[in-house]
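Q: the sequence isn't on hand, but the structure is:
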């Protein structure tokens, strides 16, 4: 695996120097300041590359921008409304500019409205560490009583509705505002930060978009972008839904192995690939991550390795971001499956045999606490995860056992 690190640009509390000391091999970033739907220009791409290439004292870092995460797909594209055709054209132009700059891997997602959803961005663990958590009951309290989405109550089991009502009644105004802010936080580092009115307006725009419509719109998008990616040598990799089950009455089309297989078959090109995120997919008990890597590995272009622990065996339920080797995904088995896929690629002569991986998320520990960094992206917590994953990889490859 090629060890990479997500960076949110010069405002990130984790610096290029920090990444150098962590020993990463490449950088995952995006132009978060560019509004969704606007072309990423060669000048802006070059500026970000120059920022990555230098340490604080001006010495060369030796690091390069290797993976884009993410080039946003606008809500207009997902709903096929407004300027969606122009947005697709701009997305393709941006992809061409990125490839001209030497970047070969582009991660994106097709999640409606919010890129990920958590109810707590700093949930305390017994050892004092902090992590992100999705509490299904707290989310129900938000959806039914704070957002007041029409029909929301019918989307939750009776026992969840009852407990959500009790929790909401016990919250003071500050807690209600905090919960709402956590849920609508959106993509860390992104230009957009949503208000409740923004979310309501976006939900209204999705009223005619059923599961089948979103799948069709996704396939339309792939039919336009994947052949271009194939021609120019760009590997596209779609990130799964996070969490991987329906929320806010919205459709979800990238939550299971069957979803991925359907998207890959819709435009059956090597460039139309997968971001295998063990944390997002691991929030569903019916997702077999090592098995998915074995069966879909040929099209896996990017890896997010993190772990979650679910509170129950329910498909829709609560979970928190556990330590990388401590959650319910068998991370050793998953890494072993990745290494077997890389071996198959080397033997087949594939140039892309070395799959980029980043230690996704992490718990705030030690000096991370109080640093005020992006939720889920601490320096030390991710370094701990990277060190553990490196240890697993080294143990499995020592003596060429795979």
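A: Ah, there it is. The model shown is predicted, which means the values in this text are computed figures rather than measured ones.
Q: now residue 106, what's its secondary structure?
A: Of the three states, residue 106 takes strand under DSSP: H, G, I helix; E, B strand; the rest coil.
Q: do the same with residue 308
A: strand.
Q: repeat that for residue 204.
A: Counting by three-state DSSP, the backbone at residue 204 sits in helix.
Q: tell me how far it lies from residue 121.
A: Applying CB to CB, to the nearest Å, the value for residue 204 to residue 121 is 27 Å. Heads up, the C-betas are built off the backbone N, CA and C, glycines and all.
Q: doesn't residue 139 make contact with residue 120?
A: No: using CB atoms under 8 Å, residue 120 is not in contact with residue 139; the gap is 10.4 Å.
Q: how about residue 381: what's its closest non-neighbour residue?
A: residue 362 (3.1 Å; CB to CB, 6 or more residues apart in numbering).
Q: can you check residue 375 too?
A: Nearest non-adjacent residue to residue 375, counting by CB to CB, 6+ apart: residue 121, 4.0 Å away.
Q: which one of residue 204 and residue 121 is surrounded by more residues?
A: Comparing residue 204 with residue 121 by other CB atoms under 10 Å, the one with more neighbours is residue 121, at 18 against 9.
Q: distance of that one from residue 280?
A: 16 Å.
Q: hang on, the residue nearest to residue 381 in a strand?
A: No: according to three-state DSSP, residue 362 belongs to no strand; its state is coil.
Q: after the worst-scoring helix or strand of the chain on mean pLDDT comes which helix or strand?
A: Lowest by mean pLDDT, DSSP states H and E among the helices and strands of the chain is helix 196-205, with a mean of 89. Heading C-terminal from helix 196-205, the first helix or strand you meet, by DSSP states H and E, is helix 211-232.
Q: tell me the contacts of residue 113?
A: Applying CB atoms under 8 Å, 6 or more residues apart in numbering to residue 113 gives the contacts 75, 199, 202, 203, 206, 248, 250.
Q: can you pull the contacts of the closest residue in space to the second one that isn't next to it in sequence?
A: Leaving out its chain neighbours, the residue that sits closest to residue 199 by CB to CB, 6+ apart is residue 184, at 5.6 Å. With contact taken as CB under 8 Å, 6+ apart, residue 184 is in contact with 114, 193, 194, 195, 196, 198, 199.
Q: make JSON lines from the residues you listed and add distance to residue 310 and neighbour count to it.
A: Shown next, in JSON lines, are these (distance: CB to CB, whole Å; neighbours: other CB atoms under 10 Å):
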{"residue": "114", "distance to residue 310": "20", "neighbour count": "19"}
{"residue": "193", "distance to residue 310": "28", "neighbour count": "11"}
{"residue": "194", "distance to residue 310": "27", "neighbour count": "19"}
{"residue": "195", "distance to residue 310": "31", "neighbour count": "11"}
{"residue": "196", "distance to residue 310": "28", "neighbour count": "15"}
{"residue": "198", "distance to residue 310": "30", "neighbour count": "14"}
{"residue": "199", "distance to residue 310": "26", "neighbour count": "19"}
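Q: going along the chain, name the strands of the stretch 51-200 of the chain.
A: Using DSSP state E, counting those that start in this stretch, the strands of the stretch 51-200 of the chain run over residues 65-69, 105-109, 120-124, 130-134.
Q: now for the first one, which elements pack on it?
A: It refers to strand 65-69. Judged by 3 or more CB pairs under 8 Å, 6 or more residues apart in numbering; DSSP states H and E, the packing partners of strand 65-69 are strand 2-6, strand 26-29, helix 42-53, strand 105-109, strand 356-359.
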